[in-house]
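K.L.:
Build me a structure from this.
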Amino acid sequence: ATNGATNGATVASGSFVAGTPIILANNSVAAINDLRPGEVVLSYNIQTGKLIPNVVQQLVSYTVYKEYIINGKIKTDSMEKFYIYNPSTGYSGWVFSPNLTTGEELYMPVNNTYEVITSIQAINVTNGFTVYDIIGTSSNNFIADGVLSDSTASTASNGATSSATNGATNGATVASGSFV
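P.N.:
Numbering: from 1, shown residues only. Reported below is the predicted structural model:
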């Protein structure tokens, strides 16, 4: 269903391209675009330092016009957050795609390791491209391509259109990375 989020609606932003591998709670892997409500992905509790199951409440898709490619493989939009460690400053925490810098390290919670960011490309896509996002019941973080990422929640100030697999209606939680 296509949903129009209006002023005051909760909107989750930040997504990945079709085919991005997502780790499920049973340690198998599924492409983000193949997930459906009720499936259980692996999430990470920052406070406890533990991997936790997270039931997919919604899988949403939408069109964006700027793609970020990290280390030549992680393809996302401008609103995705990644949990990083910055060895120069000692900062550990969430950073949006456009604010990532080479030398920072992406957290990989399954192995409790980090992947150094060696390259970041920002590409404007004239005709746009489809991205997918997971809305979970316990959190909106999940492990995409091995790294910890998190959708963000915000309030739409203008109309936003997305497609949700569970038939969400106006005023429900939907996802969008671009506002009209």
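
K.L.:
where in the chain is pLDDT low?
P.N.:
1-14, 152-180 (pLDDT under 70).

K.L.:
And the lengthiest strand in it, what's buried?
P.N.:
Longest strand in the chain by number of residues, with DSSP state E as the criterion: strand 50-70. Of the residues in strand 50-70, those buried under the neighbour-count criterion (16 or more other C-beta atoms under 10 Å) are 51-52, 54, 56-64, 66-70. All C-beta spots, glycine's among them, are computed from the backbone N, C-alpha and C.

K.L.:
got it, and stretch 71-91?
P.N.:
Buried, per 16+ other C-beta under 10 Å, within stretch 71-91: 71, 74-84, 86.

K.L.:
how long is that stretch end to end?
P.N.:
Start and end residues of stretch 71-91 are separated by 20 Å (C-alpha to C-alpha, to the nearest Å).

K.L.:
With stretch 29-41 instead?
P.N.:
Using C-alpha to C-alpha, the end-to-end distance of stretch 29-41 comes to 9 Å.

K.L.:
Run the chain-centre distance for it.
P.N.:
Centre-to-centre, stretch 29-41 and its host chain are 13 Å apart (C-alpha atoms, centre = their mean, to the nearest Å).

K.L.:
Excluding its own residues, what touches that stretch? List them.
P.N.:
Residues from elsewhere that reach stretch 29-41 (C-beta atoms under 8 Å, 6 or more residues apart in numbering): 16, 18-26, 53-59, 61, 132, 134, 136, 142-144, 165-166.

K.L.:
mind listing what's buried in it?
P.N.:
30, 32-33, 35, 37, 39-41.

K.L.:
Now flag whichever of those is closest to residue 91.
P.N.:
residue 41 (26.5 Å; C-beta to C-beta).

K.L.:
nearest residue to the closest one other than its sequence neighbours?
P.N.:
Residue nearest to residue 41 in three dimensions, not counting chain neighbours: residue 142, with 4.8 Å by C-beta to C-beta, 6 or more residues apart in numbering.

K.L.:
Just say helix, strand or coil for that neighbour.
P.N.:
strand (DSSP: H, G, I helix; E, B strand; the rest coil).

K.L.:
For it, give its distance to residue 55.
P.N.:
Separation of residue 142 from residue 55 (C-beta to C-beta, to the nearest Å): 11 Å.

K.L.:
got a list of what residue 74 touches?
P.N.:
Contacts of residue 74 were listed using C-beta under 8 Å, 6+ apart, and they are 16, 20, 106, 144-145, 147.

K.L.:
Out of those residues, which end up buried?
P.N.:
So, by 16+ other C-beta under 10 Å, the buried ones in the contacts of residue 74 are 16, 20, 106, 144-145, 147.
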